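Engineer: Starting from these lines, generate the structure:
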Amino acid sequence: MNNELLKLNLDSLTDLVESWGHPRFRAKQIHQWLHQKHCSSYDEMSNVPRQLRDHLSEAFPLDSFQLFDRQISQDGTRKYVFQLHDNRLVETVGMPSFGDDGTIERLTVCVSSQVGCPMKCSFCATGKEGFTRNLTASELVQQVAAVQNDFNSRVSNIVVMGQGEPFLNYEEVLAALQMMNSDNDFNIAARRITVSTCGLITGIERFSREPEQFTLAVSLHAAIQDTRDLLMPQVAHQPLPQLKQALSDYIAKTNRRVTLEYLLIRGVNDSEDHLNALVSFCDGLLCHVNLLPMNPVEGAPYQPASMQTVNHWTKILMKHGVETSMRKSRGADIDGACGQLKNKLVSRETK
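Structural biologist: Residues are numbered from 1 along each chain as shown. Now for the predicted structure:
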């Protein structure tokens with residue numbers, strides 16, 4: 001879909017359609033095709049006159065967005081690689097939760113915000129790829145629409161936890177989230193939309209001023225500075241005390257809980273010292289710690305911590321009043337690490 005057309009609100013679209021000599025009700029029809037039916041071509045707008053469709057096509061040529069590859073896990077997770085108009089590839093994941101009768105009760109989509117990522121986190125397959133460009137709001141929305149159509153089930157939750165650092169693409173990400181939240185679009189509750197950042201302080205501060213009640217998650221991965229600098233070198237210039245202060249300010253301003261994501265890596269960030277540092281970091285914060293299972297990344301030396309360690313961390317954190325959970329690994333049998341499938345495909349295509 002064309003990014004500029006998708007970002008026009010109904011009033012602006014009405015003004016445009018009337019300036020072309022068409023009745024104003026046509027704008028509402030077009031708006032419904034774009035934001036409720038999520039059409040992928042102007043030809044699908046069956047109740048819009050051909051002359052108007054042609055005018056739209058000339059003024060707002062559509063960018064291609066095509067399925068390049070799809071894998072389906074035994075647990076129902078589907079991992080997609082989409083090809084964009086410039087032949088770049090981007091990953092998206094659909095994660096269904098099933099009821100006792102086998103029907104989908106909840107469908108979560110993990111979307112990417114950039115092609116590649118500039119953050120260079122040492123445990124991340126996407127970080128090894130490097131950064132190419134930001135995604136447009138349209139490309140974020142189309143990821144959700146494609147997954148919803150593929151599952152033939154309404155998307156209930158969004159997590160911007162795929163490839164890229166969303167706060168480095170702030171305007172486009174926010175525009176996409178507002179569309180996903182709108183009752184004229186996907187109508188997904190703001191609290192069911194989560195943005196995950198490496199902890200960019202300026203982005204956190206800006207996000208705290210948005211009126212929507214979107215959820216914030218921060219990739220922490222270590223509460224000892226040297227270890228975090230090793231794992232996440234691009235945020236080494238932001239000391240942990242400053243990050244904690246930014247989160248405290250965010251919580252005070254929004255009255256919303258923050259999720260701290262922590263990837264437990266054997267022999268790297270899973271010692272008692274690291275556990276005590278995390279307990280200290282959480283002290284005074286309205287937060288939830290999400291311990292993450294690690295999907296091994298080809299070429300990376302890291303291995304997941306043992307379940308004994310995970311259980312111990314959970315027990316100690318809960319003992320100190322820190323709400324803690326462990327995210328269930330999804331899609332581990334289908335190149336589960338972020339960027340892994342795409343990188344394999346790129347490697348295959350360039351051989």
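
Engineer: From here on, just use CA atoms for contacts and neighbour counts.
Structural biologist: Fine.

Engineer: Am I right that Asp69 falls within a strand?
Structural biologist: Yes: counting by DSSP: H, G, I helix; E, B strand; the rest coil, Asp69 is located in a strand.

Engineer: and it, how many neighbours does it have?
Structural biologist: 15 (other CA atoms under 10 Å).

Engineer: dump the residue contacts of it.
Structural biologist: 80-82 (CA atoms under 8 Å, 6 or more residues apart in numbering).

Engineer: So which of those residues sit within helices?
Structural biologist: In helices, judged by DSSP state H, none of the contacts of Asp69 are found.

Engineer: any chance of the residues you listed in CSV, with pLDDT and distance to Leu62 too?
Structural biologist: Formatted as CSV, the contacts of Asp69 follow (pLDDT from 0 to 100; distance: CA to CA, whole Å):
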residue, pLDDT, distance to Leu62
Tyr80, 98, 21
Val81, 98, 19
Phe82, 98, 16
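
Engineer: Map the structural domains onto the sequence of the protein.
Structural biologist: Listed by automatic domain parsing, the domain ranges of the chain are 3-59, 65-350.

Engineer: hey, least reliable of the ones you listed by pLDDT?
Structural biologist: Lowest mean pLDDT within the domains of the chain: domain 65-350, a mean of 92.

Engineer: circling back to that earlier point, any idea which of the domains of the chain is most buried?
Structural biologist: Among the domains of the chain, ranked by average contacts under mean count of other CA atoms under 10 Å, first place goes to domain 65-350 (a mean of 18).

Engineer: chain center to that domain, what's the gap?
Structural biologist: What separates the centre of domain 65-350 from the centre of its chain is 6 Å, taken as CA atoms, centre = their mean, to the nearest Å.

Engineer: Distance to Lys120 added to the contacts of Asp69, as CSV?
Structural biologist: CSV is the format used below for the contacts of Asp69 (distance: CA to CA, whole Å):
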residue, distance to Lys120
Tyr80, 22
Val81, 21
Phe82, 22
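
Engineer: out of the residues you listed, which are inside strands?
Structural biologist: Using DSSP state E, the subset of the contacts of Asp69 located in strands is 80-82.

Engineer: elements contacting the longest strand seen in the chain?
Structural biologist: Identified as the longest strand of the chain according to DSSP E is strand 89-98. In terms of contacts (3 or more CA pairs under 8 Å, 6 or more residues apart in numbering; DSSP states H and E), strand 89-98 is packed against strand 78-84, strand 104-110, strand 114-116, helix 137-151, helix 340-350.

Engineer: Please enumerate the strands of the stretch 251-351 of the chain.
Structural biologist: Residue ranges of the strands in the stretch 251-351 of the chain, as given by DSSP state E, counting those that start in this stretch, are 258-263, 287-292, 323-326.

Engineer: check contacts around Glu323.
Structural biologist: By CA under 8 Å, 6+ apart, the residues touching Glu323 are 287-289, 317.

Engineer: That one bridge partners, please.
Structural biologist: His288 (DSSP bridges).

Engineer: and it, how far is that from Asp283?
Structural biologist: Glu323 is 12 Å from Asp283, where distance means CA to CA, to the nearest Å.

Engineer: How about Met307?
Structural biologist: Separation of Met307 from Asp283 (CA to CA) stands at 25 Å.

Engineer: quick one: Asp69 from Val93, how far?
Structural biologist: Counting by CA to CA, the gap from Asp69 to Val93 is 12 Å.

Engineer: got the contacts of Glu323 as JSON lines, with distance to Phe123 columns?
Structural biologist: Below are these laid out as JSON lines (distance: CA to CA, whole Å):
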{"residue": "Cys287", "distance to Phe123": "24"}
{"residue": "His288", "distance to Phe123": "22"}
{"residue": "Val289", "distance to Phe123": "19"}
{"residue": "Leu317", "distance to Phe123": "24"}
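
Engineer: Nearest approach to Gln213 belongs to which of the helices and strands packed on strand 89-98?
Structural biologist: Of all the helices and strands packed on strand 89-98, strand 104-110 sits nearest to Gln213, with 17.8 Å by CA to CA.

Engineer: tilt between the closest one and strand 89-98?
Structural biologist: If you take axes from the mean of the first three to the mean of the last three CA atoms, to 10 degrees, strand 104-110 sits at 160 degrees to strand 89-98.

Engineer: Spell out the residue ranges of the helices in the stretch 101-250 of the chain.
Structural biologist: Secondary structure of the stretch 101-250 of the chain (DSSP state H, counting those that start in this stretch): helices located at 125-129, 137-151, 170-181, 201-207, 225-231, 240-254.

Engineer: Now Pro23, what are its backbone angles?
Structural biologist: phi -60, psi 150 (degrees, to the nearest 10).

Engineer: what about the residue lying closest to Thr324 once chain neighbours are set aside, distance to Val93?
Structural biologist: Once flanking residues are discounted, Thr324 sits nearest to Val289: 4.7 Å by CA to CA, 6 or more residues apart in numbering. Note on Val289: its distance to Val93, by CA to CA, is 22 Å.

Engineer: tell me the contacts of the nearest residue to Arg78 once chain neighbours are set aside?
Structural biologist: Leaving out its chain neighbours, the residue that sits closest to Arg78 by CA to CA, 6+ apart is Ile72, at 4.5 Å. By CA under 8 Å, 6+ apart, Ile72 lies in contact with 78-79, 331, 334.

Engineer: same thing with Val93?
Structural biologist: 77-80, 109-111, 147.

Engineer: Just list whatever residues bridge to the nearest residue to it once chain neighbours are set aside.
Structural biologist: Closest residue to Val93 apart from its sequence neighbours, by CA to CA, 6+ apart: Lys79 at 4.5 Å. Beta bridges link Lys79 to Gln71, Val93, judged by DSSP bridges.
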